[in-house]
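Asker: Return atomic coordinates for the entry below.
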Amino acid sequence: MADSKSENFPKDEISKFIHLHDSIELKKYETRWSFYKVLAGSTLVGIVAALLPFILDAVAAYRQGTLDHRGFIERYTDNALNQDIELRIRFSEYFSLMADDGTRQQWKDYHVGLLDARRKVRTKIIELETERAKIIAETNDEPSEKQQIRLAIISRELSWAVGEMGYAERNVSITQTDPKIESDPSANRFSPVSIEEDPTYVEDFIEFLSPHVKQIEPEEFLLTGAGSRPGHRCAGLNGLPPRQLWPNFIPVAQVLDEFRSRIGKPVSIVVAYRSTAYNACVGGARNSQHIQFRAVDFMVDGMNTREIANVLRQMRSSGLFSGGIGTYSSFVHVDTRGSNHDWQS
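Answerer: Predicted coordinates:
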């Protein structure tokens, strides 16, 4: 009987029922899938939100690292390229090891070039030192004007070369003491002083020398030379004569005072004392009497150097002093070394 009822149930109704069932199942599937998508999306957003501060920090750190590296390169370009060759070699060695593959070979080539440049500068220094030593060895008294000019050029070129290398030049003091003193018995064993070091120096020198001179003010003998002017290559190397050397100066001060009395004209002091370092810088003779504070270079307005030297020779011939008289184009040198010498340049 049931079978007869089933046979009598319309087929289209069965189709509708099946379609409705399928539709319901599809809706359930879509609903579950939407739920899963929302759940997954929310979870992903949460993860991203949790990681976002770390991501931003990492990006910021990377960017800062890039900026730091770029800043380092800029500072190198602005500063290191103007430094001495030794420092540039250190920089190039660092970059030849640490630079990326794209620029490492360029830094290696630059490093090799700097090493070659340093070798050439060192060779130049040796050549200049050798030439200077030969000139000084050939000079018994004061060098000629031609020798002085060449020595001055050598000193200037040596200053440039050692400055490029980045180390102190031989025989030039950097700490107020002279490295030549220990190796050269003829060098001045007393370092020059300054007013800052000895505030009463000038007053004491005037008091010391005043009894021995009448025509010239004692402080005029304390001029440190044209090479001491700011900007000159020898600036800062000279100073005031040490107190221990003051007695050496009395005889030559008396000679100049008598000279001033005889000509009746003012004299202009160029320089009296030279430190060993300053003397070497200006191209003075290795055993210059200026180092021992026994010499004066001076000029007289209205008299040429030949006329000045003639007066000095007359004074020396009369037995007033024994020493050297050197005639230069613009000034005259006189010293009281104890033996007579004359030269002209």
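Asker: Could you use CA atoms for every contact and neighbour count after this?
Answerer: Fine.
Asker: low pLDDT regions in this structure?
Answerer: For the chain, residues meeting the criterion pLDDT under 70 lie at 1-84, 139-142, 159, 162-190.
Asker: Helices of that one, residue ranges please.
Answerer: Assigned by DSSP state H, the chain shows helices spanning 2-8, 11-79, 85-98, 104-138, 145-165, 180-183, 201-209, 246-263, 276-281, 305-317.
Asker: Contacts made by the fifth one with the rest, please.
Answerer: Taking Cα atoms under 8 Å, 6 or more residues apart in numbering as the criterion, the residues outside helix 145-165 that touch it are 83-86, 118, 121-122, 124-125, 128-129, 132, 135, 168-169, 233, 280-284, 328, 345.
Asker: of the residues you listed, buried ones?
Answerer: If you count burial by 16 or more other Cα atoms under 10 Å, the buried members of the contacts of helix 145-165 come out as 84-85, 118, 121, 124-125, 128, 132, 135, 169, 233, 280-284, 328.
Asker: ok now do the nearest residue to His111 once chain neighbours are set aside, which residues does it touch?
Answerer: Of all residues not flanking His111 in the chain, Ser92 sits nearest, at 5.2 Å (Cα to Cα, 6 or more residues apart in numbering). By Cα under 8 Å, 6+ apart, Ser92 lies in contact with 107-108, 110-111.
Asker: Relative to Ala280, how far out is the spatially closest residue to Arg132 that is not a sequence neighbour?
Answerer: Spatially, and ignoring its direct neighbours in sequence, Arg132 is nearest to Leu151 (6.5 Å; Cα to Cα, 6+ apart). Leu151 sits 9 Å away from Ala280, taking Cα to Cα, to the nearest Å as the criterion.
Asker: same thing with Asp301?
Answerer: Look at Asp301 and Ala280: by Cα to Cα, they are 28 Å apart.
Asker: and Thr224, how far is that from Gly323?
Answerer: Computed as Cα to Cα, the Thr224 to Gly323 distance reads 22 Å.
Asker: out of those two, which sits in the busier spot?
Answerer: Shown here are Thr224 and Gly323; by other Cα atoms under 10 Å, Thr224 has more neighbours (24 against 19).
Asker: Just confirm the more buried one contacts Ser275, I think it does.
Answerer: No. With contacts defined as Cα atoms under 8 Å, Thr224 does not count as touching Ser275, sitting 9.5 Å away.
Asker: joint contacts of the two?
Answerer: Joint contacts of Thr224 and Ser275 (Cα under 8 Å, 6+ apart) are 238-239.
Asker: wait, isn't Phe321 in contact with Val255?
Answerer: Yes. The pair Phe321 / Val255 is scored as a contact, 7.3 Å apart, by Cα under 8 Å.
Asker: Now Val311: closest residue in space, sequence neighbours ignored.
Answerer: Of all residues not flanking Val311 in the chain, Phe259 sits nearest, at 7.5 Å (Cα to Cα, 6+ apart).
Asker: My read is that the one you found contacts Arg313, right?
Answerer: No. With contact defined as Cα under 8 Å, Phe259 does not count as touching Arg313 (10.6 Å).
Asker: Report the buried residues of stretch 99-117.
Answerer: The neighbour-count check on stretch 99-117 (16+ other Cα under 10 Å) flags 104, 107-108, 110-111, 114 as buried.
Asker: got CSV for the residues you listed, with distance to Glu145 too?
Answerer: Output for these, formatted as CSV (distance: Cα to Cα, whole Å):
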residue, distance to Glu145
Arg104, 53
Trp107, 48
Lys108, 48
Tyr110, 43
His111, 43
Leu114, 38
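Asker: of those, closest to Gln215?
Answerer: Nearest to Gln215 among those is Leu114, at 59.3 Å by Cα to Cα.
Asker: Okay, and the beta partners of Asp342?
Answerer: Here Asp342 sits in beta bridges with Ile325, going by DSSP bridges.
Asker: list the buried ones in stretch 286-299?
Answerer: Buried residues in stretch 286-299, defined by neighbour count with 16+ other Cα under 10 Å: 286-299.
Asker: Can you list the neighbours in contact with it?
Answerer: Residues from elsewhere that reach stretch 286-299 (Cα under 8 Å, 6+ apart): 136, 141-142, 186-188, 241, 245-246, 248-249, 251-252, 267-276, 279-280, 305, 330-337.
Asker: Just the endpoints, please. Distance across it?
Answerer: Start and end residues of stretch 286-299 are separated by 23 Å (Cα to Cα).
Asker: One more: stretch 204-224?
Answerer: Length of stretch 204-224, first residue to last, Cα to Cα: 18 Å.
Asker: Name the residues that touch it?
Answerer: With contact meaning Cα under 8 Å, 6+ apart, stretch 204-224 is reached by 202, 238-241, 250, 253-254, 257-258, 260-261, 269-274.
Asker: Pull the contacting residues for Arg229.
Answerer: Contacts of Arg229 by Cα under 8 Å, 6+ apart are Ala235.
Asker: got a markdown table for the buried residues of stretch 286-299, with distance to Pro218 too?
Answerer: Formatted as a markdown table, the buried residues of stretch 286-299 follow (distance: Cα to Cα, whole Å):
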| residue | distance to Pro218 |
| --- | --- |
| Arg286 | 27 |
| Asn287 | 25 |
| Ser288 | 22 |
| Gln289 | 19 |
| His290 | 17 |
| Ile291 | 18 |
| Gln292 | 17 |
| Phe293 | 14 |
| Arg294 | 15 |
| Ala295 | 14 |
| Val296 | 13 |
| Asp297 | 15 |
| Phe298 | 14 |
| Met299 | 17 |
